[in-house]
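Student: Next come a sequence and a model predicted from it.
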Amino acid sequence: MQSLVDFLNGIIWSPVLIYLCLGAGLFYSIATRFVQIRHFREMWRLLLSGKSSEQGISSFQALAVSLSGRVGTGNIAGVAAAIGFGGPGAVFWMWVVAFLGAATAYSESALAQIYKEEDEDGQFRGGPAYYIEKAMGQKWYAWIFAIATIFACGVLLPGVQSNSIGNAVEAAFGTGGMIETTIGTISLAKIVTGTVISIILAFIIFGGVKRIASFTQIVVPFMALAYIIIAFIIILLNIDLVPTVFGMIVGDAFTPMAGVGAAIGWGVKRGVYSNEAGQGTGPHAAAAADVDHPAQQGLVQSFSIYIDTLLVCSATAFMIIITGAYNVHGGAEGTFLVQNLAADIGANGPVFTQMAIESAMPGIGKPFIAFALFFFAFTTILAYYYIAETNIAYIRRSLKLPGMMFVLKIVLTVAVFYGTVKAANLAWAMGDVGVGLMAWLNIVGILIIFFLSKPALKALNDYEAQQKAGVTEFTFDPVKLGIKNADYWEKRLKSSGKPAAQPEDVDGEPVKPTA
């Protein structure tokens, strides 16, 4: 099984995908005139001024749901893996992916808002499957994405998150004894952890998106802030080493100890895994938000990339490097380019981060990371459930099979328990297959959509034109902008009785508003 998954990863995560991720981010950065920089202040304003409704959740709730997907084991175990295989220079390439990916995140999230729908239960639904069908006109491609996403987010990826929880709990509190089962010898600690996670998960996901949003909007800010505070304390205790760490990260990015391919490859792979820009997961939560204009949620989602990578991932990287709690693996099995820890310390788990905190705060590191990983990973599992649920809702528009949502809940809960107790290498490798497959399908899709009709760019230009005109109540008229199949927004504008506030914009260039 491991060899098959590794073979698939070798194909999916070829250099082509790495260049595609970087290239798409650079392309959208240039096309939007670096929206991630120009509208940084507006992102803050929108984040704090959103509202919820019967049909949708607020911008902040949508940000929390998407952040719960972005801020997960990739921020703790994923950063450790990037450093362990690519050296400190991999962190630099994670930053590059984050900066460029913020523009990609705007584009895919704006598309999700433009082409969102109200489902049969009156809830907003949207995401890549919806905008691929409506903007590309290729329903077969949308179905491939939906099926791949259900499989990835409902089966493969949850196991990665729960596996890190199980490993961290076992490292912090011991095995509690070993038990023989039909799937091998498993520690009692992992069995108990998997059972507890599964019970709590079932309680929340059977409550629907509102319960998920309510849970994540409280937990996500708290856990991210607590984690960053701990990291900040460790950095302050070693403040004299910060320039050296910066030098290692930047210097190793261009003269990498593990080779150019290793630094860039692992940095991009774990960067995409962590911040999910271009992967196609964030747009699902973005579509659920109730906003006045699609560009608004696109900007909010763009900001989430900064929180994920430039804050949380950087906090992990600095803790690990500043304390020297890492090894850099060589090409051959059992060889190291840098060995600061015991040879049996793996690079695919949270051990580096645990040891980094433990070295600065004895007695705190292991239990703190176990606690942090539980919330980081658990909220990510909730986000994965919502994404899989949304794609099942998409399929049910055409194929109404009874009990699909119920089956998803059961399968995901079982996958979480199984992932908690199984070995880390297989869980991460299967997760990489899911992430890579979704990234391929989504990035190709949003690039084709751009060249077909530029809907995300038209929405941004339109929003900027209304800002310049001093509009206080933004409206979105897709017909006037030459955007087809944005049915929800057409109905909304018609039912509001308000005149269109948008200037005409067919080629993606803003026109001076008229009275």
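Tutor: Arrived safely, thanks for sending.
Student: What is the subsequent helix or strand relative to the helix or strand harbouring Thr104?
Tutor: According to DSSP states H and E, Thr104 maps onto helix 89-114. Where DSSP H and E defines the elements, the next helix or strand beyond helix 89-114 is strand 117-118.
Student: Next, the buried residues of the helix of greatest length in the chain.
Tutor: For the chain, the longest helix by residue count, based on DSSP state H, is helix 365-396. Neighbour counts over helix 365-396 (16 or more other Cβ atoms under 10 Å) mark 365-395 as buried. For the C-beta atoms, the positions are set from N, CA and C on the backbone; glycine is no exception.
Student: next one: stretch 80-97
Tutor: By 16+ other Cβ under 10 Å, the buried positions in stretch 80-97 come out as 80-97.
Student: give me the number of residues near Phe7?
Tutor: By the measure other Cβ atoms under 10 Å, the count of residues near Phe7 is 10.
Student: pLDDT (mean, whole number) over the host helix or strand of it?
Tutor: For Phe7, the element it lies in under DSSP H and E is helix 2-12. Helix 2-12 carries an average pLDDT of 80.
Student: Figure out how far that helix is from the centre of its chain.
Tutor: 22 Å (Cα atoms, centre = their mean, to the nearest Å).
Student: Convert the C-alpha atoms of that helix to PDB, please.
Tutor: Taking C-alpha atoms only, helix 2-12 is exported to PDB below (Å, rounded to 0.1, in the frame of the first residue of the first chain):
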ATOM      1  CA  GLN A   2       2.800   2.400   0.900                       C
ATOM      2  CA  SER A   3       4.600   1.800  -2.300                       C
ATOM      3  CA  LEU A   4       1.500   2.400  -4.400                       C
ATOM      4  CA  VAL A   5       0.700   5.700  -2.600                       C
ATOM      5  CA  ASP A   6       4.300   6.800  -3.000                       C
ATOM      6  CA  PHE A   7       4.200   6.000  -6.700                       C
ATOM      7  CA  LEU A   8       1.000   8.100  -7.100                       C
ATOM      8  CA  ASN A   9       2.600  11.000  -5.200                       C
ATOM      9  CA  GLY A  10       5.600  10.800  -7.500                       C
ATOM     10  CA  ILE A  11       3.300  11.500 -10.400                       C
ATOM     11  CA  ILE A  12       0.900  14.000  -8.700                       C
END
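Student: So which bits of whichever helix or strand comes after it are buried?
Tutor: Reading on from helix 2-12 to the C-terminus, the next helix or strand found by DSSP H and E is helix 15-31. For helix 15-31, the neighbour count (16+ other Cβ under 10 Å) marks 17-18, 20-22, 24-25, 27-29, 31 as buried.
Student: and if you look at stretch 132-141?
Tutor: 132-136, 141.
Student: Any idea how far apart the tips of it sit?
Tutor: 7 Å (Cα to Cα, to the nearest Å).
Student: So for it, mean pLDDT?
Tutor: 94.
Student: what sits up against that stretch?
Tutor: 111, 114-115, 142, 145, 441, 445, 448-449, 452-453, 455, 484-486 (Cβ atoms under 8 Å, 6 or more residues apart in numbering).
Student: just checking, which of those belong to strands?
Tutor: Among those, no residue falls in strands (DSSP state E).
Student: from these, which ones fall inside helices?
Tutor: 111, 114, 142, 145, 441, 445, 448-449, 452-453, 455.
Student: hmm, which of the residues you listed are the buried ones?
Tutor: 111, 114, 142, 145, 441, 445, 449, 453, 455.
Student: can you tell me which residues contact the third one?
Tutor: With contact set as Cβ under 8 Å, 6+ apart, Ala142 has these partners: 128-130, 132-133, 136, 394.
Student: swap in the last one?
Tutor: Residues near Pro455 by Cβ under 8 Å, 6+ apart: 110-111, 114-115, 135, 449, 478, 481, 483, 486.
Student: what about Asn163, distance to Thr193?
Tutor: For Asn163, the distance to Thr193 equals 10 Å [Cβ to Cβ, to the nearest Å].
Student: close enough to count as contact, Leu460 and Ser109?
Tutor: No: contact criterion Cβ atoms under 8 Å: Leu460 and Ser109 do not qualify, at 11.4 Å.
Student: what do the two both touch?
Tutor: In contact with both Leu460 and Ser109: Gly298, using Cβ under 8 Å, 6+ apart.
Student: So between these two, which is more surrounded?
Tutor: Neighbour tally, Leu460 and Ser109, criterion other Cβ under 10 Å: the higher count belongs to Ser109, 33 against 27.
Student: Quick check: which ranges of the stretch 201-350 of the chain have low pLDDT?
Tutor: Within the stretch 201-350 of the chain, the segments meeting pLDDT under 70 span 208-213, 217, 257-262, 272-275, 330-334, 345-350.
Student: all helices of it, in order?
Tutor: Taking DSSP state H, counting those that start in this stretch, the helices of the stretch 201-350 of the chain run over residues 209-237, 242-254, 260-275, 282-287, 294-305, 314-323.
Student: Single out the most deeply packed of those helices.
Tutor: Comparing the helices of the stretch 201-350 of the chain on average neighbours per residue, with mean count of other Cβ atoms under 10 Å, the densest one is helix 282-287 at a mean of 32.
Student: quick one: contacts of that one?
Tutor: By Cβ under 8 Å, 6+ apart, the list of residues contacting helix 282-287 from outside reads 62-63, 65-66, 69-70, 105, 108-113, 116, 124-128, 130-131, 276, 297-298, 300-301, 304, 383, 386-387, 390-391.
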